[in-house]
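Visitor: take a look and give me a structure for this.
(chains A and B)
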Amino acid sequence: MKKLSIFLISLLLVSTSIFAQGNNEQASDSEGPIEITFWSLFTGGDGEFFNAMIDEFNNSQDEVFMKNDTVKFDNYYTKLTTALAANNAPDMVLVHRGNMLTYVQNNQFLALDDYVSEQDLADFVKAPLDACEFDNKLYSIPLDVHPLVMYYNKDVLKAAGCSTIPSNGDELMAAMKKVNANTDKWALLIDEPYELPRTFISLMGQQDQSVLSSDATKANVNNTSGVKALEYLQNLVNKGYTPSEVDYDSALSLFKIGEGAFYINGVWATGTLEQSSDIDLGVMPLPAMLDQQAAWSNSHTFAIPSSKNVDEEKVKAAVKFMMWATENGDMWAKAGHIPTRKSVYEKQEFKSLPFRSDYSSASESALDTPRTAAWSQVYNAINENIQLAVRKNLDPKSTMEKLEEEINNIIASY
Amino acid sequence: MAIPGNNNKRDGLLFSLPFLLIYIIFMLFPLLYGLFISFNKWNILSGANFIGLKNYALLFQDPKFISSLLNTFEFVLLSTPPLLIIGFLMALAINSKSPLKGIMENIYFIPYIFSMTVIATLWAWIFQKDFGIVNHIIKMYGGSEIGWLTNEKFAMHSVVVATVWWTAGFNMILMSAGIKQISKEVYESASIDGASPLRVIFSITIPLLKPTLVLCLILQVIASFNIFGQVYVMTGGGPHGTTRVLVQYIYETGFTYFKMGYSAAMSYVLFLVIMAVSFIQYILIGKNDE
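Guide: Here you go, the predicted structure:
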């Protein structure tokens, strides 16, 4: 008897834990605020600022209640994809602009055009909003833009004898030369696994080229622009301006402790650099190292999964939050990201944040992610080939030939 | 497999039904469904297209698949011997007459109870090039820093070191249980005959431990073929793809590139490789038992 009851109890425990998830979904009642379940991927510094925004929104009104569930970034897209495939996604999700295309092409997101007012749309900065449009339909609302920018350490520049902050490629080269000659610091820190390929993509953009053809069906690297971009990066290492074999944490830490004059990373590093570093920090948009300004960029955007029966009320409530969050982009700018609403730039709260205004113009020269479902795999091919070529100082021309072939094979496989 | 005193097949089935149901739903069905997926071009979000064996044909023209498979073999070959030998030495140590054996047993086993992420993050920082403790010690003695995880010559070896530290304790437990089953009399008669401790290990412990050693070897090889987490956390497959292992490529292909069919086909190839290797091991090592 005792054994039987233990068995029954354990069976009960197992079955309730299996079905517990199912029960949660139905718990919303008709009284009180509309509850919106929401998945985001912000942890660490970003997470703090984002949760503060959600709390502020929930406290500011009583019609909508945002229920935020943070998923670790590593697993986020795996979880999102499987949830969408199983029709089990929450009411609203966060998605990077660069990851949207596959979901949009497979009708996983709801077009938002009918739910957003013209007046609100007019307040958005054009480029990031356009980036969320596919076939003239708006599939998500951009919360921010986060391009690569250039950080600099004023003390190191002073010690090297640079009196002004470089504003173009030639001045940057001259400044790096001085740092290299007059100090024992690195002139320019770039981490290898992330920022190196992103800088390569930026350098292509600076020559008014994309790594893919304009219709994103072919590689566009095996040309003088591709060779020049790679040579620029190899040159940095060969001249001893930039260390090779640096991982993300190393580059960030080296810059934090004052071992570098310039540092390329996304705007998201601003928060941690100003909080946990004593260096005399400066930030500017990625300068025109080749012909013109352009920088790799991505965007955090809000989207609504288009499950079979979309609840109109919930969509309206979710859009209400999207508009509130973007209007209050100054709160999110504390994490370093660039707001997407023009009205935010005028706010005193935004202007009083250090550095943000110095680089907010970077959103104008932000590069859009090429529109092909093959992009993730193409990006990996670029990443590996550029890393290898810079590390081993391989011939740029043959590297670009190899990369072109790989990219074209990848695109053909989709 | 009848219940003692009850030859009724129906009762046996009924009793195993709860397990069988869970086994069929969560193991057998996904296994067969995976095989079905491998014959399709499917991006998980929309309908699948049946393409027959094309995914399998593509595999062997894919240099990334080949290199990932080779990297996996490299990991298996590098990690299996130290995991077995160190596990065995630890098992000997905790079955010795040393007064510290209780403490040793705990210390050797503790790493195994931590999750993979904890171990991999810990070792990623130990091996970190500019701020890790290993390079700090090397620099203290006048050496220059080594990119343990960022240099292609060392990256895979560093992952092996972390893995050995993490899981050797599990082999120790299995082998220690095996050693404890060896009858005391055999050891006693050996010591009366004046056998040296080394002689005892090679002539008594290892031969009598053989079934356990074979089990450990097969389990270890299977586990090593499935290497993913440590590589993913410690090197991310880098530098420039030189430590990417097959399970990582399967994961990336499925969930990042949305090629579920291709990904499933690779999983089945890995499945066949592991099955073949285990079978060969079993035949080669098991046969002189007869």
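
Visitor: what residue is smack in the middle of chain B?
Guide: B:A223 (2.0 Å; Cα atoms, centre = their mean).

Visitor: are stretch A:234-250 and chain B in contact anywhere?
Guide: Yes: counting by Cβ under 8 Å from any Cβ of the partner chain, chain B has neighbours in stretch A:234-250: A:245-247, A:249-250. Any C-beta I mention is one placed from the backbone N, CA and C, and that applies to glycine too.

Visitor: mark which of those residues are buried, thanks.
Guide: Listed as buried from these are A:245-247, A:250; burial here means 16 or more other Cβ atoms under 10 Å in any protein chain shown.

Visitor: tell me the one of those nearest A:T272?
Guide: A:S250 (14.6 Å; Cβ to Cβ).

Visitor: circling back: could you find which two of the residues of stretch A:234-250 next to chain B are furthest from each other?
Guide: A:E245 and A:D249 (12.8 Å).

Visitor: what's the closest non-adjacent residue to the residue of chain A found nearest chain B?
Guide: Here chain A gets closest to chain B at one residue, A:N106, 3.7 Å apart by Cβ to the nearest Cβ. The shortest distance from A:N106 to any non-neighbouring residue, by Cβ to Cβ, 6 or more residues apart in numbering or on different chains, is to B:L45 (3.7 Å).

Visitor: just to revisit the earlier point, so which of the residues of stretch A:234-250 next to chain B is the closest to A:L41?
Guide: A:D249 (19.4 Å).

Visitor: ok, that closest one - contacts?
Guide: B:128, B:131 (Cβ atoms under 8 Å, 6 or more residues apart in numbering or on different chains).

Visitor: kindly report the same for A:A333.
Guide: So A:A333 contacts A:144, A:339, A:344, A:350, A:353, A:356 (Cβ under 8 Å, 6+ apart).

Visitor: please flag which of those residues sit within helices.
Guide: The helices, defined by DSSP state H, take in A:344, A:350, A:356 from the contacts of A:A333.

Visitor: list the contacts of the first one.
Guide: Right, the one you point to is A:V344. Here A:V344 is in contact with A:326-330, A:333, A:350 (criterion: Cβ under 8 Å, 6+ apart).

Visitor: quick one on the thing from earlier: wait, doesn't the residue of chain A closest to chain B sit right on A:A373?
Guide: No: the pair A:N106 / A:A373 is not scored as a contact, 9.2 Å apart, by Cβ atoms under 8 Å.

Visitor: which residues do those two both contact?
Guide: B:N43.

Visitor: and the residue of the stretch 151-290 of chain B found nearest chain A, how many neighbours?
Guide: Taking Cβ to the nearest Cβ as the measure, the point where the stretch 151-290 of chain B comes nearest chain A is B:H240, at 4.2 Å. Neighbourhood size, B:H240 [other Cβ atoms under 10 Å in any protein chain shown]: 20.

Visitor: from A:D249, how far out is the spatially most central residue of chain A?
Guide: Taking Cα atoms, centre = their mean, the centroid of chain A lies closest to A:N298, which sits 4.0 Å from it. According to Cβ to Cβ, to the nearest Å, A:N298 and A:D249 sit 20 Å apart.

Visitor: same check, this time on A:P128
Guide: A:P128 is 29 Å from A:D249, by Cβ to Cβ.

Visitor: please apply the same query to A:E364.
Guide: 31 Å.

Visitor: B:Q281 too?
Guide: From B:Q281 to A:D249 the distance is 40 Å (Cβ to Cβ).

Visitor: with A:N87 instead?
Guide: 39 Å.

Visitor: isn't B:R244 up against B:Y232?
Guide: No: at 9.4 Å, B:R244 and B:Y232 do not qualify as touching, with contact defined as Cβ under 8 Å.

Visitor: so which bits of the stretch 1-150 of chain B are right by chain A?
Guide: Close to chain A, as judged by Cβ under 8 Å from any Cβ, the stretch 1-150 of chain B has residues B:18, B:43-46, B:58, B:128-131, B:147, B:149-150.

Visitor: turn those into JSON lines, columns for secondary structure, neighbour count and pLDDT.
Guide: JSON lines is the format used below for the residues of the stretch 1-150 of chain B next to chain A (DSSP: H, G, I helix; E, B strand; the rest coil; neighbours: other Cβ atoms under 10 Å in any protein chain shown; pLDDT from 0 to 100):
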{"residue": "B:P18", "secondary structure": "helix", "neighbour count": "12", "pLDDT": "94"}
{"residue": "B:N43", "secondary structure": "coil", "neighbour count": "21", "pLDDT": "92"}
{"residue": "B:I44", "secondary structure": "coil", "neighbour count": "20", "pLDDT": "91"}
{"residue": "B:L45", "secondary structure": "coil", "neighbour count": "16", "pLDDT": "91"}
{"residue": "B:S46", "secondary structure": "coil", "neighbour count": "14", "pLDDT": "86"}
{"residue": "B:L58", "secondary structure": "helix", "neighbour count": "16", "pLDDT": "92"}
{"residue": "B:Q128", "secondary structure": "coil", "neighbour count": "22", "pLDDT": "93"}
{"residue": "B:K129", "secondary structure": "coil", "neighbour count": "20", "pLDDT": "90"}
{"residue": "B:D130", "secondary structure": "coil", "neighbour count": "20", "pLDDT": "88"}
{"residue": "B:F131", "secondary structure": "coil", "neighbour count": "14", "pLDDT": "89"}
{"residue": "B:G147", "secondary structure": "coil", "neighbour count": "22", "pLDDT": "91"}
{"residue": "B:L149", "secondary structure": "coil", "neighbour count": "26", "pLDDT": "94"}
{"residue": "B:T150", "secondary structure": "coil", "neighbour count": "24", "pLDDT": "92"}
